[in-house]
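In: Mind looking at a prediction? Sequence and model below.
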Amino acid sequence: EGKKWLQGLCVERPRWGRNVPQGSPFFLLIKPVQRVPRYRLLIQELVKHTPESHPSYDGLQAALEVIKTIATHVNESIRSAENEEKLHALQRLWDDPDEVDLLEAGAGTRRLVKEGFLLRHTRRSKVKRYYFHLFNDM
């Protein structure tokens, strides 16, 4: 229904399509993951431009605190899901999955802190590269 409305708007106002990527008005529709940050910015701007004496000011302040809490929760959930996905991918890399169990032992608390190459300089002036994974608990 919303798409039809936007398409109709583009037909009514052809100039609109020139400023929109590939003539599509759908960039105006925000994705669910973008809603919370945009609402936060919107409410911040409303608070910024609303006089403290205005009857809605206290409600806007309360709404801003709520949206900040929600944004923090959403971000933590996203980070947790990304970490779990990364642990699954690392677990699949092991030749013998029973040798190291990255998923069960951590019981949801294990986090990948850092990963990357480390260089080891040998006595014979050789440099060996090793790829390491650092976890919060092992």
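Out: Arrived safely. Residues are numbered from 1 along each chain as shown.

In: just checking, what packs against the host helix or strand of residue 58?
Out: For residue 58, the host element (DSSP states H and E) is helix 57-93. Using 3 or more CB pairs under 8 Å, 6 or more residues apart in numbering; DSSP states H and E as the contact test, the elements touching helix 57-93 are helix 32-49, strand 112-121. C-beta coordinates here come from the backbone N, C-alpha and C atoms, glycine included.

In: residues of it that come out buried?
Out: Within helix 57-93, the residues scored as buried using 16 or more other CB atoms under 10 Å are 60, 63-64, 67, 83-84, 87, 90.

In: what's the answer for stretch 42-61, then?
Out: 43, 60.

In: okay, how far is it across it, tip to tip?
Out: Distance across stretch 42-61, first residue to last, is 12 Å (CA to CA, to the nearest Å).

In: Now do that stretch, average pLDDT.
Out: Averaged across stretch 42-61, pLDDT comes to 91.

In: try stretch 78-98
Out: So the average pLDDT for stretch 78-98 ends up being 83.

In: Pull the residues that contact that stretch.
Out: 33, 100-103, 106, 108, 110-112, 133 (CB atoms under 8 Å, 6 or more residues apart in numbering).

In: which residues touch stretch 126-134?
Out: 90, 112-122.

In: Please indicate which of these are buried?
Out: 90, 112.

In: Could you check how far the residue of the chain positioned farthest from its centre is from residue 65?
Out: Centroid-distance maximum for the chain: residue 124 at 45.5 Å, with CA atoms, centre = their mean. Separation of residue 124 from residue 65 (CB to CB, to the nearest Å): 61 Å.

In: what's the answer for residue 100, then?
Out: 43 Å.

In: now do residue 47
Out: Applying CB to CB to residue 47 and residue 65 gives a distance of 10 Å.

In: that older thread, farthest-apart pair in the contacts of stretch 78-98, please.
Out: 33 and 100 (32.7 Å; CB to CB).

In: Mind checking which of these two has more residues around it?
Out: residue 100 (13 against 9; other CB atoms under 10 Å).

In: ok, now which ones touch that one?
Out: 91, 94.
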